[in-house]
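K.L.:
could you work out the structure for the sequence below:
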Amino acid sequence: MRKRNHVIPVRLNARELRELEEQVEKSGLSREEFMRSLILGAQVHAKPCEHHPELLRKIAGLCNNANQLADVANASGMASEQSVQEMLRLTKEIWHLVKEEW
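P.N.:
The predicted structure is shown next:
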């Protein structure tokens, strides 16, 4: 037996249908899932782009490296020129990834 056995027909004009289809497409959900989410009060957000998980993984790795450099600098009481340059390089690399792939 179906869990959802109530059908509610809805009439939309062309503009409303276009708007609905655009929002459904952005969400990555089916039309039915999108409508149920709205009814249940969820805020439906656009689905992340395909490279989003990979980009976040790269950024997390770069930030982890920068954090390790900062820990060494804090433990020794000073940051070596090499550590500072490495942190700057990592920061630029992160910015480049976000700018290029976002």
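K.L.:
if you count neighbours, what's buried in stretch 34-52?
P.N.:
34, 35, 44 (16 or more other C-beta atoms under 10 Å). Every residue, glycine included, has its C-beta placed from N, CA and C.
K.L.:
looking at the residues you listed, which is nearest residue 16?
P.N.:
residue 35 (12.7 Å; C-beta to C-beta).
K.L.:
distance of residue 99 from residue 92?
P.N.:
Using C-beta to C-beta, to the nearest Å, we find residue 99 at a distance of 10 Å from residue 92.
K.L.:
ok, those two, which is more surrounded?
P.N.:
When neighbours are counted by other C-beta atoms under 10 Å, residue 99 and residue 92 differ, and residue 92 comes out ahead with 11 against 8.
K.L.:
so what's the nearest residue to residue 31 once chain neighbours are set aside up against?
P.N.:
Using C-beta to C-beta, 6 or more residues apart in numbering and skipping residues adjacent in sequence, the residue nearest residue 31 is residue 24, 5.1 Å away. Listed by C-beta atoms under 8 Å, 6 or more residues apart in numbering, the contact partners of residue 24 are 30, 31, 34.
K.L.:
what is the mean pLDDT for the host helix or strand of residue 24?
P.N.:
Secondary-structure element containing residue 24, defined by DSSP states H and E: helix 14-27. The average pLDDT within helix 14-27 is 92.
K.L.:
okay, and the helix or strand of this structure with the least pLDDT?
P.N.:
Lowest by mean pLDDT, DSSP states H and E among the helices and strands of the chain is helix 81-101, with a mean of 77.
K.L.:
I am finished for the moment; much appreciated.
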